[in-house]
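Asks: Here is a sequence with its predicted model. Questions after.
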Amino acid sequence: MKTVVIGGGVVGVTTAYYLARDGHDVTVLEKAADLGTDATGGNAGLIAPSHSFAWASPQAPRMLVRSLMGEATAIRVKLSLDPRFLWWGLQFMRECTSRRARANTVVKLGLAQYSQAEMYRLEEEESLAYDVVKKGAVYLYRDERELELGLERMALLAEHGQEVKRLSPDELVALDPAFKSAAEVVTGAIHGVGDGSGNSERFTAELAAVCEEKYGVRFRSGVTVQRLLSSGDRITAVVTDQGEIAADRFVLAAGIQSPILARTIGQSIPVFPAKGFSITARVEDDSATPTVGGVDEKTLVAWSRLGDSLRISSTAQFDGYDRSYVTSDFDNIFATARELFPGAADWSTAQVRSCMRPMTPDGPPIIGRGPRHANLYYNTGHGHMGWTMACGSSLLLADLMAGRRPALEMRPFVVRTRRKGR
């Protein structure tokens, strides 16, 4: 069974792994020169089921209005008349009820938990090294009322098996002495005991090597897929800048390019880019650099220790497919880093970058066979949780393609133009 996977990020590579393990003859097509260089290479590094909350929530509309008025918020929107964004935005607003936010969060949490367990199993089975840290993650609060609200929100996750623990500032320092400065400005923290962190780009590269050496997967980088070709209810080939490539089955795991390619065969999917910003700084003082990853819940700045580097990320900006950035886009990240971890790294030489996260309006990704073509499958729309959800999503898809019963209920992940009433 010849299968083409479009997309060489962590989702595409994990998809290739599970399909090749099932006996597929897999070719992966990646537009960039290297694997895992967009959302995979620019995320915060957290493996964080405890941060599975749906972005579409009752609080989100107020934040978006504040952003449109010029305030610096963690989720930013630039006015656009792009009909695709307007349609996506209307769907997002529809999900901003307490009932829908709760349902979407529970779905995301279930997939994140399943995926994390599979990632760790895969790590052991294939002897993968990717700077993994399994000490949980901490969510810092600077206000007592916000901490109480955070605990109330986390109760939903605890009801579904996610272990969380309240920490005082002293307990935070006891967990990791590098939080000594942070403890002076926070009221307390929530410890997501089962969370972790790791280098997703390194994981992707290591797993790709396993795919090639053990299962014969072919990776073709620097190949731009331009459109899909169909005949009746089947995809026959992909058209690339290097010619047509035919196969028996196709998987669209191309992140923000997925909706563009889907439209070439008449399928609309609600995926739109959210631009994120991150810095990667060389560690200068181990004692001042946390090994435990986490999030400052006031600034929504997240961090992870990636070997001898510290990755820090923040902000989601809805600005279409514009990848550009200005120095001020990183002000919040640098200010938080210097406040929480002074002396940890040489911030003046930190590498800055933006990446594009493929977001669905409701939060759960799109996994499964499309309704229009019998041999076209989707694994996309993971947003800021792609690193956490990749292994689980790809195993679920492989199960579907093999006719096995997936471990999770798949209705929340159905290929869709919009979420139907529920």
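Replies: Received it, and whenever you're ready, just let me know what you need.

Asks: which stretches of the stretch 151-300 of the chain form strands?
Replies: Remark: strands assigned in the stretch 151-300 of the chain by DSSP state E, counting those that start in this stretch are 164-167, 188-192, 196-197, 218-221, 225-231, 234-240, 243-246, 249-252, 272-282, 293-296.

Asks: now these in TSV, with distance to residue 114, mean neighbour count and mean pLDDT?
Replies: Any C-beta I mention is one placed from the backbone N, CA and C, and that applies to glycine too. Compiled in TSV, those are given as follows (distance: least, Cβ to Cβ, whole Å; neighbours: other Cβ atoms under 10 Å; pLDDT from 0 to 100):
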stretch	distance to residue 114	mean neighbour count	mean pLDDT
strand 164-167	18	18	98
strand 188-192	16	25	98
strand 196-197	15	26	98
strand 218-221	26	16	98
strand 225-231	29	16	98
strand 234-240	28	18	98
strand 243-246	32	12	98
strand 249-252	19	27	98
strand 272-282	24	22	95
strand 293-296	20	27	97
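
Asks: Dump those strands to CSV, plus distance to residue 141.
Replies: Formatted as CSV, these follow (distance: least, Cβ to Cβ, whole Å):
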stretch, distance to residue 141
strand 164-167, 10
strand 188-192, 6
strand 196-197, 20
strand 218-221, 43
strand 225-231, 44
strand 234-240, 48
strand 243-246, 51
strand 249-252, 39
strand 272-282, 22
strand 293-296, 9
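
Asks: Now residue 342. Nearest residue, chain neighbours left out?
Replies: Once flanking residues are discounted, residue 342 sits nearest to residue 181: 5.6 Å by Cβ to Cβ, 6 or more residues apart in numbering.

Asks: Can you give me the distance of that neighbour to residue 290?
Replies: 10 Å (Cβ to Cβ, to the nearest Å).

Asks: overlap in contacts of those two?
Replies: Residues touching both residue 181 and residue 290 by Cβ atoms under 8 Å, 6 or more residues apart in numbering: residue 341.

Asks: Comparing the two, which shows the higher neighbour count?
Replies: When residue 181 and residue 290 are compared for neighbours, residue 290 comes out ahead with 24 against 17, by other Cβ atoms under 10 Å.

Asks: show me what contacts residue 36?
Replies: By Cβ under 8 Å, 6+ apart, residue 36 lies in contact with 8, 9, 10, 13, 200, 201, 204, 205.

Asks: Is the residue nearest to the second one when sequence neighbours are not counted in a helix, a strand, or coil?
Replies: Of all residues not flanking residue 9 in the chain, residue 40 sits nearest, at 4.2 Å (Cβ to Cβ, 6+ apart). State at residue 40, reduced to three classes by DSSP: H, G, I helix; E, B strand; the rest coil: helix.

Asks: thinking residue 40 is in contact with residue 388, fair?
Replies: No. In this structure, residue 40 is not within contact of residue 388 by Cβ atoms under 8 Å, at 11.9 Å.

Asks: What is whichever strand or helix holds residue 145 packed up against?
Replies: Using DSSP states H and E, residue 145 maps to helix 144-159. In terms of contacts (3 or more Cβ pairs under 8 Å, 6 or more residues apart in numbering; DSSP states H and E), helix 144-159 is packed against helix 98-126, strand 137-141, strand 164-167, strand 188-192.

Asks: Kindly reformat these as JSON lines containing distance to residue 151.
Replies: Output for those, formatted as JSON lines (distance: least, Cβ to Cβ, whole Å):
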{"stretch": "helix 98-126", "distance to residue 151": "15"}
{"stretch": "strand 137-141", "distance to residue 151": "9"}
{"stretch": "strand 164-167", "distance to residue 151": "6"}
{"stretch": "strand 188-192", "distance to residue 151": "6"}
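
Asks: Minimum distance to residue 416: which of the ones you listed has it?
Replies: Residue 416 sits nearest to helix 98-126 of all those, at 13.4 Å, using Cβ to Cβ.

Asks: The closest one vs helix 144-159, what angle?
Replies: 60 degrees (axes from the mean of the first three to the mean of the last three Cα atoms, to 10 degrees).

Asks: Mind listing what's buried along helix 98-126?
Replies: Residues 100-101, 103-116, 118-120, 122-123 are the ones in helix 98-126 that count as buried (16 or more other Cβ atoms under 10 Å).

Asks: What residues does the residue nearest to residue 9 make contact with?
Replies: Contacts of residue 40 (Cβ under 8 Å, 6+ apart): 9, 10, 11, 200, 201, 204, 386, 387.

Asks: Quickly note the distance from residue 189 to residue 22.
Replies: Taken as Cβ to Cβ, the span from residue 189 to residue 22 is 42 Å.

Asks: follow-up on the earlier one: so which pair among the contacts of residue 40 is furthest apart in space?
Replies: By the measure Cβ to Cβ, 11 and 201 form the most distant pair in the contacts of residue 40, at 13.1 Å.

Asks: Specify which residue of these two has the higher count of neighbours.
Replies: Taking other Cβ under 10 Å, residue 11 and residue 201 do not tie; residue 11 has more neighbours (34 against 23).

Asks: Locate the more buried one within the secondary structure: which element?
Replies: Applying DSSP H and E, one finds residue 11 within helix 10-21.

Asks: which helices and strands does that helix pack with?
Replies: Checking 3+ Cβ pairs under 8 Å, 6+ apart, helix 10-21 ends up next to strand 2-6, strand 25-30, helix 200-215, strand 249-252, strand 376-380, helix 386-402.

Asks: contact partners of the first one?
Replies: The list of residues contacting strand 2-6 from outside it, by Cβ under 8 Å, 6+ apart, reads 12, 15-16, 19, 24-29, 225, 238, 245-254, 257, 261.
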